[in-house]
Every structure is written in C-alpha cells, then in structure tokens.
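Participant: I would like to see how this sequence folds:
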Amino acid sequence: MARSLIEVERKFVPGPGTEERLQELGCTLEHRITFRDSYYDTPVLSLMRADHWLRQREGSGWELKCPGAAGVSGPHTKYMELTAEPAIVAQLCEVLGAQGLGAGGVAAVLGPLGLQEVASFVTKRSAWKLVLLGAQELPLRVDLDTADFGYAVGEVEALVHEEAEVPKALEKIHSLSSLLGVSAQEMPPAKLIVYLQRFRPEDYKLLLEVNSSRERPQDNKHLDSSLD
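Facilitator: Residues are numbered from 1 along each chain as shown. I've put the predicted structure just below:
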C-alpha cells in the first residue's frame, strides 16, 4: 500500500517580482500547468467541518487531506495526504460514520456517503523547485497559483514521510519565505476558502462558526487543496 505523505506548507501573497526573485534564489521552473479542482462534501460540510478535504484534480485523480498531528504553531499548515483510493474510502467512512460500503473506488461511494460537488474552479500554476545545500537535502516546492475567479496565492511546500522530519521542513520553509519577503504573520486563505466566501457564503459562514475555536478555516490544495 502506498505510504501517506505529510504536507507542510505556508501560503503567501505573490507579487509581480516573485518569479524573478525565485530565479535569483536558485529555484528552477518545473512547469506551467492549468487544471480543474473539484471538491466534494455533504450538504452540511461534514468533511470540511472535521478538517478533511476531498478533491478530484483533473489529470491526477482523488486526494483526501487529513489534519496532521499537533505540533509547532505558526503561519503554516500540516496535513496528511491520502491518494490511494482504498485508503481514501476507508478514511471517508470513518469520518462520516459509514460501514459496509465494500472496496469500491471513491466515485462509487460518493452517492452512498451523501457527497456532492461543492466547489469547482480552474487554476493556472507555475511550479518551482529549490534544493538547498546539495541533492540530499530536503527539496522545497513553490507554487504560484491564479484561480479563474481572480484570486492569486503562493505556497512554499515540503513533503515528508515522518513526523520527525517536520521541524526541519518548517525551518527551511520559513527561511525561503523570509528570502521571498513574506511577512512573518502573513496568512492568506487558500483558494477553496475564498471560493466559498465569494460564491457559497452560507457554507463559508458555517465553516467560520464551526472553526471559531481555531485560528481560521484552512484549505489547500491548493486543501490542495487545501489545499494547493
């Protein structure tokens, strides 16, 4: 079975000189792509309210982001990424309290679990990569996204396999963010959160109410997805 990854990320607001600055810092442009993300939840947002984010990305398949273990606080998020459909289905059933749905794929359980599309939008992305201090060091990714509803957000991200690797990832993410001129307190919302705020205000209000005890509702997911 494929191992789940821990995604450690920090979002920021990109400016007109961000790509030039990335080049100056030694980052390489991996690709420019355009894709559609579709997010699914119950009518009362049972998944999002539990900080779970189910997404189908055009050309990439299904992904479920689950909250990572508690750790260092700050302007970053940490999620487990599930991409194997059996693992996604098992986690969905656990969160939603369902049993006996068999071993089908994600699409097969959407109806039985009461899941429906709650957001869908197209993103244009430039993806950058930086390897610090040699090939054995933890690589960082920087994604610069512009959604088709006019919202732009950047993300510095590292993917690790173990909780023990998270502090090192955070250190490098904060270092690169500082070199990009990102304010220590900068915490722009993810694309999905802005989409809900603009186009599904009642859903956004529900998330605010449910997450009143948290710092703020988080996406990804790019959640992605959210959420990058």
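Participant: Start from the N-terminal end of this protein and give the strands.
Facilitator: For the chain, the strands defined by DSSP state E occupy 5-12, 28-41, 53-57, 61-67, 77-82, 116-131, 139-147, 152-160.
Participant: For the nearest residue to residue 151 once chain neighbours are set aside, give me its contacts.
Facilitator: Leaving aside its chain neighbours, residue 151 sits nearest to residue 194 (4.8 Å; criterion: CB to CB, 6 or more residues apart in numbering). Heads up, the C-betas are built off the backbone N, CA and C, glycines and all. Residues near residue 194 by CB atoms under 8 Å, 6 or more residues apart in numbering: 147, 149, 151.
Participant: now swap in residue 162 and tell me
Facilitator: Contacts of residue 162 (CB under 8 Å, 6+ apart): residue 6.
Participant: I'd like the distance between it and residue 130.
Facilitator: Residue 162 sits 21 Å away from residue 130 when distances are taken as CB to CB, to the nearest Å.
Participant: that older thread, for the strands of the chain, which one sits closest to residue 47?
Facilitator: With CB to CB as the measure, strand 28-41 is the member of the strands of the chain nearest residue 47 (4.7 Å).
Participant: Going by neighbour count, list what's buried in the closest one.
Facilitator: Judged by neighbour count (16 or more other CB atoms under 10 Å), strand 28-41 contains these buried residues: 37, 39-41.
Participant: what does stretch 42-53 give?
Facilitator: 45-49, 51-53.
Participant: ok, residue 13 touching residue 186?
Facilitator: Yes. The criterion here is CB atoms under 8 Å, and residue 13 meets it with residue 186 at 6.7 Å.
Participant: Show me which helix runs longest in the protein.
Facilitator: When the chain is parsed with DSSP state H, its longest helix is helix 166-179.
Participant: From the contact count, pick out the helices and strands touching that helix.
Facilitator: Secondary-structure packing of helix 166-179 (3 or more CB pairs under 8 Å, 6 or more residues apart in numbering; DSSP states H and E): strand 5-12, strand 139-147, strand 152-160.
Participant: rank those by pLDDT, which is bottom?
Facilitator: Lowest mean pLDDT within the helices and strands packed on helix 166-179: strand 5-12, a mean of 87.
Participant: Return the alpha-carbon coordinates of it using PDB.
Facilitator: What follows is strand 5-12 as a C-alpha-only set of coordinates in PDB (Å, rounded to 0.1, in the frame of the first residue of the first chain):
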ATOM      1  CA  LEU A   5       2.800  11.800   3.000                       C
ATOM      2  CA  ILE A   6       2.900  14.700   5.400                       C
ATOM      3  CA  GLU A   7       2.400  18.000   3.600                       C
ATOM      4  CA  VAL A   8       3.900  21.000   5.400                       C
ATOM      5  CA  GLU A   9       3.100  24.300   3.700                       C
ATOM      6  CA  ARG A  10       2.900  28.000   4.100                       C
ATOM      7  CA  LYS A  11       0.900  30.300   1.900                       C
ATOM      8  CA  PHE A  12       1.700  33.900   0.900                       C
END
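Participant: which parts of that strand are buried?
Facilitator: Result for strand 5-12 [16+ other CB under 10 Å]: buried residues 6-12.
Participant: so which of the residues you listed comes closest to residue 115?
Facilitator: Using CB to CB, the buried residues of strand 5-12 come closest to residue 115 at residue 7, 22.0 Å.
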